[in-house]
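Undergrad: here you go, sequence then predicted model.
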Amino acid sequence: MQPGRDTETSRILAAAELWARTGDPGVPDDHGLPDCEVMPAGRAIPDDEARQPPLVMVAGWEDSYPGCAPFVAVDGGADCRRCPLAVVEQTLLTRRPVRELCPYGVRMLAFPAPAGSRSSAAVLRIGVPEGSEADLPETAALRAAIRQLRTPEGLATWQAEQRVHGAERRRTAAAALAQMIATTEEFHRLYTAADRDRASSEEVVNRLDSLARDTLREAEAARTRVAHELHDTAAQSMISAHRFLEAARASLAAAQPDTAERHLDAAQERLLAAIHETRSILTTLVPPGLEELGLANALEILVRDRVPAGVAVEVSGQLPRMESWLESDLFAMAAEAVVNAIAHADAATLRIGLRASRGRSIITVTDDGIGFNPAVIRSKTDRGMGLMGISRRAAWLGGRVDVTSRPGDGTTIRISVPIAESEAPARLDAAAPAPGASR
């Protein structure tokens with residue numbers, strides 16, 4: 001095959017979709033090449049054939065078809081998102097290739113994939129919207145794409161490539177975000193400060209180089225984690241809810257209200273799960289109450305939402321308002337210490353104290369749990385990894401973390417970093433009493 005044709009085939013496969021009928025195992029007959037005769041779409045579907053399990057897209061949705069994007073977003077809406085259903089239904093009923101022209105002028109070709117399947121079909125969009133100057137794909141390239149998806153091996157290879165492409169896009173996005181963070185105003189401010197301090201310029205530059213590398217690693221890991229969490233939790237829940245809603249609509253159309261109600265209940269459960277998952281992810285990115293009310297109030301909200309009801313919690317003291325990035329880092333360190341205590345300490349009481357002393361902000365997290373040997377646990381457990389992360393973050397800020405614990409005697413984590421007060425007007429009344437929370 002010619003290189004240009006290979007590229008054209010790859011472009012066709014990149015826009016392919018695989019639809020399957022849930023609950024129908026299918027009866028494959030053969031694995032030959034597509035038949036010469038291609039049936040037009042539009043044959044009336046008998047009632048007994050129409051009462052089939054719903055169709056679900058099982059691969060290809062991440063890539064989609066670029067030519068249809070403006071119609072899905074503006075003109076077509078729900079109709080465009082469901083446009084392959086008719087041609088896929090016709091293909092599964094006849095078990096032959098079927099072609100169709102959508103209202104916007106995009107040509108589609110559906111065929112059993114793999115060949116002979118009664119439960120799954122591939123859809124290729126081989127045309128472009130009306131008025132577009134793009135050329136139709138070559139017949140040879142189109143046949144090559146069909147040939148690959150008609151065989152079980154080729155179909156499996158295509159699905160694997162779909163997953164790889166999706167993962168590569170996420171990695172690229174995470175790397176781009178990490179690069180943006182590396183060139184922020186704070187990063188340049190640190191280099192400017194190092195340049196002014198001529199006496200210790202070499203030491204400062206070396207420290208900043210190390211900080212930049214660690215920041216890039218941390219930022220890439222954080223962005224990748226958020227991307228994966230969104231893709232694997234909220235996005236999947238919303239997709240599942242959409243499928244259940246489609247199934248409910250089909251059940252209503254078939255006069256099956258009981259089945260439709262079950263689908264609607266399932267869709268509601270998925271949407272509630274998506275809301276909970278999205279809020280959980282947003283909480284890790286933007287702690288509730290931190291910007292508006294300060295660190296102590298944000299920690300009160302954290303323990304209210306995260307600490308089990310059987311654990312008594314007290315938050316005492318206050319810190320002056322600081323730069324938002326520093327408050328976010330302090331909250332992240334304190335939150336990690338609290339989460340560690342909840343997960344590992346088996347404590348009945350948890351105390352969080354905040355105070356300022358000699359130009360430093362000090363946060364202590366104390367529990368009366370089972371305790372541990374800090375020298376042993378740092379390198380062997382998840383709690384040790386959490387303590388390492390807190391210590392590394394405090395070191396970046398010019399501070400330190402002290403851990404006091406022994407088996408059976410509880411644990412105290414003391415976080416101390418220099419104060420960098422915000423130049424913006426205070427957002428809390430300075431005369432207000434220090435907050436406290438207990439339960």
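TA: It's in. Numbers count the residues shown, from 1 in each chain.
Undergrad: so where do the strands sit in the protein?
TA: Along the chain, counting by DSSP state E, strands occupy 17-21, 39-40, 55-59, 98-101, 107-112, 120-125, 312-317, 349-357, 360-367, 400-405, 411-418, 437-438.
Undergrad: point out the most buried one among these.
TA: Compared across the strands of the chain, strand 120-125 shows the largest average neighbour count, a mean of 25 (mean count of other CB atoms under 10 Å). Any C-beta I mention is one placed from the backbone N, CA and C, and that applies to glycine too.
Undergrad: can you tell me the strand partners of that strand and which way each runs?
TA: Strand 120-125 has the following sheet partners, assigned by DSSP bridges: strand 17-21 (antiparallel), strand 107-112 (antiparallel).
Undergrad: how near is Ser357 to Ala341?
TA: Distance check for Ser357 against Ala341: by CB to CB, to the nearest Å, it reads 23 Å.
Undergrad: hmm, Asn340 is touching Val401, no?
TA: No - applying CB atoms under 8 Å as the test, Asn340 and Val401 come out as separate, 11.9 Å apart.
Undergrad: shared neighbours of those two, anything?
TA: Leu387, Ile413 (CB atoms under 8 Å, 6 or more residues apart in numbering).
Undergrad: hmm, back to that, do you know which of the strands paired with strand 120-125 lies nearest Arg270?
TA: Across those, Arg270 has its closest neighbour in strand 17-21 (19.1 Å, CB to CB).
Undergrad: point out the other helices and strands that the longest helix seen in the chain packs with.
TA: When the chain is parsed with DSSP state H, its longest helix is helix 152-182. If you count contacts as 3 or more CB pairs under 8 Å, 6 or more residues apart in numbering; DSSP states H and E, helix 152-182 packs onto helix 3-14, strand 55-59, helix 139-150, helix 201-229.
Undergrad: weakest of the ones you listed in terms of mean pLDDT?
TA: Comparing mean pLDDT across the helices and strands packed on helix 152-182, the weakest is helix 201-229, with a mean of 67.
Undergrad: now do the same contact list for Gly398.
TA: Val417, Pro418 are the contacts of Gly398 under CB under 8 Å, 6+ apart.
Undergrad: hang on, the earlier thing: now the angle from the longest helix of the chain to strand 55-59?
TA: If you take axes from the mean of the first three to the mean of the last three CA atoms, to 10 degrees, helix 152-182 sits at 70 degrees to strand 55-59.
Undergrad: what's the angle between helix 152-182 and helix 3-14?
TA: Using the same axes, to 10 degrees: helix 152-182 against helix 3-14 is 80 degrees.
Undergrad: hmm, back to that, out of the strands of the chain, which comes closest to Thr172?
TA: Of all the strands of the chain, strand 55-59 comes closest under CB to CB, at 20.7 Å.
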